[in-house]
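Visitor: What follows is a predicted protein model with its sequence.
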Amino acid sequence: MVFRFLILSDEVDDFKREIKIDSEATFLDLYNAIMDSVGYTKDQMCSFFICDDDWSKNTEITLVEMDTTSEVDNYIMEDTHLEELLEDEHQKLLFVFDYMTERAFFMELREIIPGTDLDKPVCSKSIGEAPVQIMSFDEMDTKAGNTEIGEDFYGDSEYDIDELDKEGFDGLGDEPMDNPYDDERF
């Protein structure tokens, strides 16, 4: 089974990535595919969060083990297969790529394709430039237009997460694309 993810950024309007990956792959495989598709270095702490429909964080999957004493299950990217935590189309995820400033990509499992598999992940759509990987607190402050860190530290106080759905995910991924399965490698 293949999962098709759509990845968007609230920082760069025309940024889109689509990753196709086997459902038996690990979150580490997905992490590597995303990092390669945006040209980021792999030397920073990152996490995936499984979210509810309102983008509230639920389950965290970390790059390295962070807390072994917690009563909550700890999921590590290398040891956690996608199919263990993802089973429904339109499941929402956050991929936090800049821990210091809480910057993230918004992800949605757009499609589950049964009866197929992939040996390695494929970036099947790459539109626009990714936001910078690491932003200093000063840059974040300047970008947000603030003179001191406060409630509006990240993003725009007028930003409406529903806009991401209206302008971002709805209708995306439905346009015709080249079928990578037509390639003789698959």
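Guide: Sure, I can see it.
Visitor: Only C-alpha atoms from now on, for both contacts and neighbour counts.
Guide: OK.
Visitor: Determine the longest helix present in this structure.
Guide: Using DSSP state H to define each element, the chain has its longest helix at helix 27-38.
Visitor: Okay, buried residues for it please.
Guide: Applying a neighbour-count criterion of 16 or more other Cα atoms under 10 Å, one finds 27, 28, 29, 30, 31, 33, 34, 37, 38 buried in helix 27-38.
Visitor: dump the residue contacts of the closest residue in space to the third one that isn't next to it in sequence.
Guide: Going back to what we said before, that points to residue 29. Excluding the flanking residues, the one nearest residue 29 by Cα to Cα, 6 or more residues apart in numbering is residue 121, at 7.4 Å. Shown in contact with residue 121 (Cα atoms under 8 Å, 6 or more residues apart in numbering): 19, 20, 21, 22, 29, 30, 33.
Visitor: Quickly find the element holding the second one.
Guide: Per DSSP states H and E, residue 20 falls inside strand 16-22.
Visitor: residues in contact with stretch 79-93?
Guide: 23-27, 48-53, 55, 61, 106-112.
Visitor: Buried among these? Make that a ChimeraX selection.
Guide: In ChimeraX, this line selects whichever of the contacts of stretch 79-93 come out buried by 16+ other Cα under 10 Å:
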select :23,24,25,26,27,48,49,50,51,55,61,106,107,108,109,110,111,112
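Visitor: Among the contacts of stretch 79-93, name the ones in strands.
Guide: Residues of the contacts of stretch 79-93 located in strands (DSSP state E): 48, 49, 50, 51, 61, 106, 107, 108, 109, 110, 111, 112.
Visitor: quick check, nearest of those to residue 133?
Guide: When those are compared for distance to residue 133 (Cα to Cα), residue 106 comes out closest, at 14.8 Å.
Visitor: buried sites along stretch 55-70?
Guide: Using 16+ other Cα under 10 Å as the test for burial, stretch 55-70 gives 55, 59, 60, 61, 62, 63.
Visitor: Show me the strands in the protein, by range?
Guide: 2-9, 16-22, 47-51, 57-62, 75-76, 92-98, 103-113, 122-127.
Visitor: neighbouring strands for the fourth one, and are they parallel or not?
Guide: Taking DSSP bridges as the criterion, strand 57-62 pairs within the sheet with strand 47-51 (antiparallel), strand 75-76 (parallel).
Visitor: Below-threshold pLDDT in the protein: ranges please.
Guide: Within the chain, the stretches with pLDDT under 70 are 67-72, 137-186.
Visitor: ok, residue 41 touching residue 34?
Guide: No - if you go by Cα atoms under 8 Å, residue 41 and residue 34 don't touch, sitting 10.8 Å apart.
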